[in-house]
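Student: please find the sequence and the predicted model below.
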Amino acid sequence: MCLWICFVLFLCPLYWCALPPPCDSEIYCYGDVLKQVQMAKLFDDDKYFVDMKLKSAPDIILTAFHNLTHGDPNSVPPAVLRDFLHKYFEEPGKEFEPWSPPDWHDKPQFLTGIADAELRSWAEKLHHLWKSLGRKISSDALAHPEQYSQIFTPHPFVVPGGRFRELYYWDSYWVINGLLLSEMTDTARGMILNFIHLIDRYGFIPNGARVYYERRSQPPFLSLMVESYYQTTNDKDFLRTALPALEQEYLFWMQNRSVAVEVNGIKHVLNRFDVQVGLPRPESYSDDVELAEGLTEEAAERLWKELHSGAESGWDFSSRWFVDGLGNNNGSLRDTRTSLLIPTDLNALLCRNERTLAHFYRTLGNEPEATRYDKAASARQEAIEAVLWDEERGVWLDYSLVTNTSHPAFYPTNLAPIWAGCYSQPSMGQKAVHYLQTSGGLEFPNGVPTSLVDSGQQWDYPNAWPPLQHILIQGLSSLPSQEARELGFDLAQRWIRTNWLAYVKYEAMFEKYDVNGDGKPGGGGEYEVQLGFGWTNGVALQLLSQYGDRLTSGSSGNGFTSCLSISVSVALLCSAQTLFL
């Protein structure tokens, strides 16, 4: 174990030099064109350039750029670069053709279960948003893939929104759940088939359907997408179609993202995020280059690798991944060391995947394979409890491969094993609820913050994110304790009201929200808060379906009075809000 950690911390230069670029494209992923355009800061967002379509074949554009620079690519004035881009590139979004989901229809059944008239009307509007977020890739992108950073997928899909113009991986779990509530099973099925297509091509699912994401993934939710689809349709043929891809993805995570940890003389295998790409992220190129200023080449490459790994986690970025020189959970973005942490949520998710795959195989009559995944889930549960469970705090915590100790910081994902059903003793669930009640994470009227650290990063306080709210609420609602289930409802009420008030103010849904101030979108990080927004809509629709008979908008005399298990100060604030509604 010590040798492994020393290898990670003091990697030889040859190892870093061998790291591959994000993809094979000399325009979209590495090379002088990318460097010059991004460092000239011609656009507010680096993602804009790498989403542009080429007007000519790549070799023609590379030759033109070489002729333009006369062999010295470091001296191109911005005005000349702009002319070059105008001649050889088209603005983003040209890869799509008009499409409206044919399985969309008015008044899906779940709307009838929403008692509050304001919330029911709002849910209808969210249902309408699927049409504006639907995309279909043009046939030209299939015929000329070298001219696009977009990876062709055969079926239409729903995008998150804003700058996220493509199919994204973990976002789509909540999108698909929302689509299924909207009775759009064909669209949901097509999105799952797109992910299977990507696994067939790459052996795993990239972060998103862009070539510059080709060497990193995101939290592996495909098995749960298939589970949601199967629960809705009972389509065993589709289950049989999907299983080889689900198996392949599972093998990818076990072969490329696993690590052995020894505790009390017993070795346990768990998983982490770990992307071996030692170059700046193309979509955040200038940010990554500037962050690494002053570092040695070896240190810069290590930092870029860890930034890619942080992006693979979905939490890009958070103080959760900051590891200072002593191995403690402190520092800044420049101290990002994602691969040196074993995340609680990733391993809870993989535990749930293993149990889901066992169920799928058993459903299809393959008992040997079902038993194999049963054993894998049992081994992971044992590993999670040996490595991640903190008996003193009564919760699961991320584990540092540097210090061989837990990181004690609060994140909603500390309770992810409850959502995954991956724990052996009922008392663990009870202790985790008590931990949540005393953590400080419930001290806010508008959601549970991603952390309690105000780092300026978007996956930190004061931002609250839809997937984390949903995982926490679903976990609480699964416990036998009435107190836990009421706390889950209380958090659902807070989150729905926050989303609804923002919609009333802005007529928009956002990717994240500020826990301080009703209807206030989140902020921080590398880009402005985005409108849309796929997973926000999906989570809202799921909570409205689950608790529709109880949730209130706070209008028409229905005050927001559910303040269970929060501090006296917040309870008073909640009461004050009720008075002013």
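Tutor: Arrived safely, thanks for sending.
Student: pull the number of nearby residues for the nearest residue to S332 once chain neighbours are set aside.
Tutor: Closest residue to S332 apart from its sequence neighbours, by Cβ to Cβ, 6 or more residues apart in numbering: F322 at 6.5 Å. Every residue, glycine included, has its C-beta placed from N, CA and C. Using other Cβ atoms under 10 Å, F322 has 26 neighbouring residues.
Student: identify the bridge partners of F322.
Tutor: Beta bridges link F322 to T336, judged by DSSP bridges.
Student: and it, what does it touch?
Tutor: Neighbour list for F322: 329-333, 335-337, 455 [criterion: Cβ atoms under 8 Å, 6 or more residues apart in numbering].
Student: ok, and what's touching the strand or helix carrying W174?
Tutor: W174 belongs to helix 171-181 when elements are defined using DSSP states H and E. Residues from elsewhere that reach helix 171-181 (Cβ under 8 Å, 6+ apart): 108, 110, 126, 130, 157-158, 160, 164, 185, 187-188, 191-192, 195, 221, 224-225, 228-229, 232, 466-467, 470, 534-535, 537-542, 545.
Student: report the rounded mean pLDDT for it.
Tutor: For helix 171-181, mean pLDDT is 98.
Student: helices and strands around the helix or strand following that helix, which ones?
Tutor: Going down the chain from helix 171-181, the next helix or strand is helix 185-202, by DSSP H and E. The contact analysis (3 or more Cβ pairs under 8 Å, 6 or more residues apart in numbering; DSSP states H and E) places helix 185-202 against strand 157-158, helix 171-181, helix 222-233, helix 236-256.
Student: list the helices and strands the shortest one packs on?
Tutor: With contacts taken as 3+ Cβ pairs under 8 Å, 6+ apart, strand 157-158 sits against strand 134-137, helix 171-181, helix 185-202.
Student: direction included, what does the first one pair up with?
Tutor: Read it as strand 134-137. Assessed with DSSP bridges, strand 134-137 is paired to strand 96-97 (antiparallel), strand 157-158 (antiparallel).
Student: buried stuff in stretch 291-311?
Tutor: Buried residues in stretch 291-311, defined by neighbour count with 16 or more other Cβ atoms under 10 Å: 291-292, 298, 300-311.
Student: those residues: which two are farthest apart?
Tutor: Pairwise distances across the buried residues of stretch 291-311 (Cβ to Cβ) peak at 20.8 Å, for the pair E298 and A311.
Student: hmm, back to that, now distance to Y212 and mean neighbour count too, for the helices and strands packed on helix 185-202, in TSV please.
Tutor: As requested, the helices and strands packed on helix 185-202 are exported to TSV (distance: least, Cβ to Cβ, whole Å; neighbours: other Cβ atoms under 10 Å):
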stretch	distance to Y212	mean neighbour count
strand 157-158	18	29
helix 171-181	17	27
helix 222-233	21	20
helix 236-256	19	16
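Student: same list (these) but as JSON lines, adding distance to R393.
Tutor: Output for the helices and strands packed on helix 185-202, formatted as JSON lines (distance: least, Cβ to Cβ, whole Å):
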{"stretch": "strand 157-158", "distance to R393": "39"}
{"stretch": "helix 171-181", "distance to R393": "29"}
{"stretch": "helix 222-233", "distance to R393": "28"}
{"stretch": "helix 236-256", "distance to R393": "27"}
